[in-house]
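>>> Please find the sequence and the predicted model below.
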Amino acid sequence: MRSDNHVLIVEDEEKIAQILVDFFALEGFDSHVLHSGEGVIDEVKKRPPTAVILDRMLPGVDGLTLCKQIRQFSQVPILMLTARVDEIDRLIGLEAGADDYVCKPFSAREVVARIQTILRRTARAPDTEEYTNVLVFKHIELDIAKFRCSCNGSPVELTPVEFRLLKTIMTNPGVVYSREQLMASGYQDGRVVSNRTIDSHMKNLRHKLTADHLECPIQAVYGVGYKIV
């Protein structure tokens, strides 16, 4: 069972970790800190946290690897920290399954605020119709209530953003959604991301939803956006 208001902070710089612990405490969160990548997966499974703050560069196991491993069994919100500011680096983090990304040096207050935003978004109760709905298109099945996706009968692990993007285009097959529309549905906290971020997510989806000799039905519409046909 997940511990409410419990944040797992994985950060090898002790001063940064302690600052985050102090700021989360001010907002009513208790925190557990690990200073290396070793033991993170066991900790998440043993005491599922409300959210994970994950440094990208860690001794033992790096943050990207940990993020991918966590996504194999959990959809816990993950915010990644990095000293690198290149957009491509941020995209790699999102592709690995992170919900958000903050570059060092950062404001601890901003980190807390971003986690709270993600938690508010994920805590929203879905509509009754939406909650019980299962979307099916060709060889793809999306169970909204259970947050499950299958491709030709085999389970497919999607990040929360990928799941929302796929749900959007599967709701209205044939309709072309602009990158701006997909941005709004994928990032419901109003965050602004670049077109390249959406393209990166859709590229991942197309790769994951290609089964055997069945091509992914997601198509790019040049200069406009994406549709599923």
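All right, it came through fine.
>>> and this protein, what are its domains?
Here the domain parsing of the chain from the TED database is 6-123, 134-228.
>>> pLDDT of the longest one, averaged?
In other words, domain 6-123. Mean per-residue pLDDT for domain 6-123: 87.
>>> Dump the domains of the chain into CSV; add mean neighbour count as well.
All C-beta spots, glycine's among them, are computed from the backbone N, C-alpha and C. Output for the domains of the chain, formatted as CSV (neighbours: other CB atoms under 10 Å):
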stretch, mean neighbour count
domain 6-123, 18
domain 134-228, 17
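>>> Check the chain and tell me which residue is nearest its centre.
Geometric centre of the chain, nearest residue: residue 99, 3.5 Å, by CA atoms, centre = their mean.
>>> check contacts around that residue.
77-79, 118, 159-161 (CB atoms under 8 Å, 6 or more residues apart in numbering).
>>> ditto for residue 65
residue 37.
>>> For it, what are phi and psi?
phi -60, psi -40 (degrees, to the nearest 10).
>>> Now do the strands in this protein.
6-10, 30-34, 51-55, 78-82, 100-103, 134-137, 140-143, 148-151, 154-156, 177-178, 218-221, 225-228 (DSSP state E).
>>> quick check, nearest of the contacts of residue 99 to residue 226?
residue 161 (13.8 Å; CB to CB).
>>> Now do the same contact list for the nearest residue to the closest one once chain neighbours are set aside.
Spatial nearest neighbour of residue 161, excluding adjacent residues (CB to CB, 6 or more residues apart in numbering): residue 186 at 4.6 Å. Counting by CB under 8 Å, 6+ apart, residue 186 touches 161, 164-165, 168, 198, 201.
>>> now with 7 Å?
Residue 186 makes contacts with 161, 164-165, 201, as judged by CB atoms under 7 Å, 6 or more residues apart in numbering.
>>> Which ones among the residues you listed lie within helices?
161, 164-165, 201 (DSSP state H).
>>> Tell me the one of the residues you listed nearest residue 139?
residue 165 (17.8 Å).
>>> what pLDDT does that closest one get?
In this model, residue 165 is scored at 92, pLDDT.
>>> Could you check how far it is from residue 80?
19 Å (CB to CB, to the nearest Å).
>>> Counting by contacts, list what the biggest helix by length in the chain packs against.
Criterion DSSP H: the longest helix present in the chain is helix 108-123. Using 3 or more CB pairs under 7 Å, 6 or more residues apart in numbering; DSSP states H and E, the elements in contact with helix 108-123 are helix 14-26, strand 51-55, strand 78-82, strand 100-103.
>>> Mind putting those into JSON lines with distance to residue 143?
Formatted as JSON lines, the helices and strands packed on helix 108-123 follow (distance: least, CB to CB, whole Å):
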{"stretch": "helix 14-26", "distance to residue 143": "33"}
{"stretch": "strand 51-55", "distance to residue 143": "24"}
{"stretch": "strand 78-82", "distance to residue 143": "22"}
{"stretch": "strand 100-103", "distance to residue 143": "25"}
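>>> got the contact list for residue 164?
For residue 164, the contacting residues are 185-186, by CB under 7 Å, 6+ apart.
>>> I should have written residue 170 there, sorry.
Neighbours of residue 170 in contact, by CB under 7 Å, 6+ apart: 135, 137, 142, 228.
>>> Closest one of those residues to residue 13?
Each of the contacts of residue 170 was checked against residue 13 using CB to CB; the closest is residue 142, at 39.9 Å.
>>> List the contacts of that closest one.
Per CB under 7 Å, 6+ apart, neighbours of residue 142: 134-135, 149, 166-167, 170.
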